[in-house]
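Trainee: can't give you the sequence, but here's the structure:
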């Protein structure tokens, strides 16, 4: 039934009033929406309010807003807000001509259709019969988004709805741009705060590893990158980049200890160019190396870390989304801070190394000073110096011919991480080569690779090939202007030998050379003293044989010559002479036994010094007739070397008394102490000790024997007074 008004004019008035009311309602709604969105600066909330208001104003049932994003294959719309559309999710993207939003991207004007299915590429078949309207959102002649509204039949959108949405879109563009500016400013503020936080973080620790790892974790967490790694140029081999820290999700991480070649990939390109490289489409860049194995990576940013004018490292970032310029600038700022922190850390490290070097020199000096032999000196050097480094370290000395020319190279000891300390001597014949001249001049010779260095002999190449260590550093050991040996460093691959690492070996090599020369000279002096002692002992024995046994044998010989004639003249006198021969023979035999006893080596490590002194004193008394009183413990066992030195000193003193003192009584006292003392005194004529010269009275020998056991010899005497030795 038709209920149209009877008066057409009245009907027109009613319709006009309805349109006016509708226009006022829409205007009021639009005003409220404008007020609402103009005060909102949170982009996500703002877009949700815009689409809700658009649906309410037009009487639609659902809607969405998409923002335009650029991709390598062209622009797309990315859904930013939806109302009553469960089939569409936030961040879903549509390319050109896909659905209403994709259609607007292509035509770049408002589109209103009564059937969604009439669009070129419908994306939601369930909405095919619905009416839809799409409005582009423009800012500064640039399409920044699309607003789309829909409703089920029989609803249709009018031209007024379209105009209202166009008006809303203009205000929405201003609000969106303000929200974007606010978001960008807030992000900039947050990143400034992050930069300050990272600055505090990296200056709080001077360890490379701690610095990198803490900063890398913080930066990745705040920027939302999928991966972030940082590394430095290998100081030992500048052709490689060392990974020091990384942050990301398993399993998309690079193995620890990774080393990247300087000339490969985007990393290598950054190192060579010395400037930032941003690739927002890694799939189409042939330099990209998929080290992470992450298929979702679309962008890579590599920022060099520069100190002065030199690239010392880099920051590598990979992301699942394009990286914007604001992020690039932030990372570049952080890279500058990394460079400053690394510079400070290196300065601190150099100071620490200087302190450690000073401490090492002190420790080495102490160890070398207490080492008693060449072997002990080499052991101390290898344990104190070589064990702190990373190189295989060998100490070799030269063995000389009688003419002073080098005969053999004698390896005294080797230290390595693999085998530790080895103190086995190995001799190889010495041959002169091109390396000797600089080594004799005191220069350290470094060899990056024995196989390519023309100075290396075939024999040296063969040895280093067998050892698997092609890199060598030869540090000469100089003492008194001559080369006595070498400190030899070797490495498992070709190596450039940083001067800073060699310096500690060179400095301590000077200490080692002085200590070795001192022990060698001491050993020669000890050997010379031993030979002198043997010579003096032989002279003493010759003197003893001459003064006692030889005289007795001479007397026996004279008596034996006259006995036949004497027997014919006087048999009684002959009998007395035979008895004298018998006594002389017994005395000579006793003297020989005493001398043989002195020459007999001891079988044990200890000797009863009290018993030995009594035996020497008894023999002296029987031979000379001089009485000897011994005051000593019943038994006192001492190390053989110490006991023999005391007995020899006593023996020399008794010999001097017999030859020079004209005494008839000697006192010998052994005091256990501490300290242990041997006091010998006599009642002879005495002498002036200041008039003694070398080689007289055997006192030089006595003093040397005392010094050899760490004792001192003291003499108290004067002409006409008894003397005392202690």
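Mentor: Looks like it arrived, so ask away. What you are looking at is a predicted structure, and each value in this text was computed from that prediction instead of being measured.
Trainee: Count the residues that sit near residue 161.
Mentor: For residue 161, the neighbour count with other CB atoms under 10 Å is 22. (Each C-beta comes from the backbone N, C-alpha and C, glycine too.)
Trainee: right, and it touches residue 135 too?
Mentor: No. Look at residue 161 against residue 135 with CB atoms under 8 Å: they stay out of range, at 9.8 Å.
Trainee: where along the stretch 501-650 of the chain do the strands fall?
Mentor: 606-608, 627-631, 637-639 (DSSP state E, counting those that start in this stretch).
Trainee: Would you single out the least confident of those strands?
Mentor: Comparing these by mean pLDDT, the weakest confidence falls on strand 606-608, with a mean of 77.
Trainee: now for it, which elements pack on it?
Mentor: strand 637-639, helix 640-656 (3 or more CB pairs under 8 Å, 6 or more residues apart in numbering; DSSP states H and E).
Trainee: What strand or helix carries residue 411?
Mentor: strand 406-416 (DSSP states H and E).
Trainee: partners of the very next helix or strand once past that strand, with directions?
Mentor: Heading C-terminal from strand 406-416, the first helix or strand you meet, by DSSP H and E, is strand 420-422. Next to strand 420-422 in the sheet, as set by DSSP bridges, lie strand 406-416 (antiparallel).
Trainee: Adding mean neighbour count and distance to residue 678, write the strands of the stretch 501-650 of the chain out as a markdown table.
Mentor: Converted to a markdown table, those look like this (neighbours: other CB atoms under 10 Å; distance: least, CB to CB, whole Å):
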| stretch | mean neighbour count | distance to residue 678 |
| --- | --- | --- |
| strand 606-608 | 17 | 14 |
| strand 627-631 | 15 | 11 |
| strand 637-639 | 15 | 11 |
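Trainee: Which of those strands sits closest to residue 465?
Mentor: strand 637-639 (50.5 Å; CB to CB).
Trainee: List the strands paired with that closest one, with their directions.
Mentor: In the sheet, strand 637-639 lines up with strand 606-608 (antiparallel) (DSSP bridges).
Trainee: Give me the phi and psi for the closest residue to residue 663 other than its chain neighbours.
Mentor: In this structure, residue 663 finds its nearest non-sequential neighbour in residue 684, 3.5 Å apart by CB to CB, 6 or more residues apart in numbering. As for residue 684, its main-chain torsions (degrees, to the nearest 10) stand at phi -80, psi -170.
Trainee: how close does residue 684 sit to residue 56?
Mentor: According to CB to CB, to the nearest Å, residue 684 and residue 56 sit 138 Å apart.
Trainee: for residue 142, same thing?
Mentor: 28 Å.
Trainee: In terms of packing, which of those two has more residues around it?
Mentor: Counted by other CB under 10 Å, residue 142 and residue 56 do not tie: residue 56 has more neighbours, with 14 against 9.
Trainee: Domain-wise, how is the chain divided?
Mentor: Per automatic domain parsing, the domain ranges recorded for the chain read 14-185, 204-350, 371-600, 605-726.
Trainee: CSV for these, including distance to residue 191?
Mentor: Converted to CSV, those look like this (distance: least, CB to CB, whole Å):
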stretch, distance to residue 191
domain 14-185, 10
domain 204-350, 5
domain 371-600, 37
domain 605-726, 75
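Trainee: Residue 379 belongs to a helix?
Mentor: Yes. When DSSP: H, G, I helix; E, B strand; the rest coil is applied, residue 379 is found to be in a helix.
Trainee: give the contact list for it.
Mentor: Residue 379 makes contact with 371, 413, 421, 423, according to CB atoms under 8 Å, 6 or more residues apart in numbering.
Trainee: how near is it to residue 409?
Mentor: For residue 379 relative to residue 409 (CB to CB), the value is 19 Å.
Trainee: Please enumerate the helices of the stretch 301-450 of the chain.
Mentor: Counting by DSSP state H, counting those that start in this stretch, the stretch 301-450 of the chain has helices at residues 325-370, 374-384, 436-440.
Trainee: out of the ones you listed, nearest to residue 463?
Mentor: helix 436-440 (16.2 Å).
Trainee: What about residue 136, how many residues nearby?
Mentor: 21.
Trainee: can you check residue 381 too?
Mentor: Neighbours around residue 381, by other CB under 10 Å: 28.
Trainee: mind listing what the closest residue to it other than its chain neighbours touches?
Mentor: Sequence neighbours aside, residue 512 is the residue nearest to residue 381 in space, at 4.9 Å (criterion: CB to CB, 6+ apart). Taking CB under 8 Å, 6+ apart as the criterion, residue 512 is in contact with 364, 368, 377, 378, 381, 395, 477, 487.
Trainee: The residue nearest to residue 439 when sequence neighbours are not counted in helix, strand or coil?
Mentor: Closest residue to residue 439 apart from its sequence neighbours, by CB to CB, 6+ apart: residue 476 at 4.6 Å. Using three-state DSSP, the structure places residue 476 in strand.
Trainee: any idea how far residue 476 is from residue 435?
Mentor: 10 Å.
Trainee: which one of those two has more residues nearby?
Mentor: Using other CB under 10 Å as the criterion, residue 476 and residue 435 rank with residue 476 on top: 24 against 20.
Trainee: partner residues bridging that one?
Mentor: residue 486.
Trainee: OK, contacts around it?
Mentor: So residue 476 contacts 439, 440, 442, 443, 444, 483, 485, 486, 509 (CB under 8 Å, 6+ apart).
Trainee: now those residues as JSON lines including neighbour count, pLDDT and distance to residue 239?
Mentor: Formatted as JSON lines, the contacts of residue 476 follow (neighbours: other CB atoms under 10 Å; pLDDT from 0 to 100; distance: CB to CB, whole Å):
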{"residue": "439", "neighbour count": "18", "pLDDT": "92", "distance to residue 239": "29"}
{"residue": "440", "neighbour count": "14", "pLDDT": "91", "distance to residue 239": "34"}
{"residue": "442", "neighbour count": "14", "pLDDT": "90", "distance to residue 239": "32"}
{"residue": "443", "neighbour count": "13", "pLDDT": "92", "distance to residue 239": "27"}
{"residue": "444", "neighbour count": "19", "pLDDT": "93", "distance to residue 239": "24"}
{"residue": "483", "neighbour count": "17", "pLDDT": "91", "distance to residue 239": "35"}
{"residue": "485", "neighbour count": "25", "pLDDT": "91", "distance to residue 239": "34"}
{"residue": "486", "neighbour count": "21", "pLDDT": "93", "distance to residue 239": "29"}
{"residue": "509", "neighbour count": "22", "pLDDT": "85", "distance to residue 239": "30"}
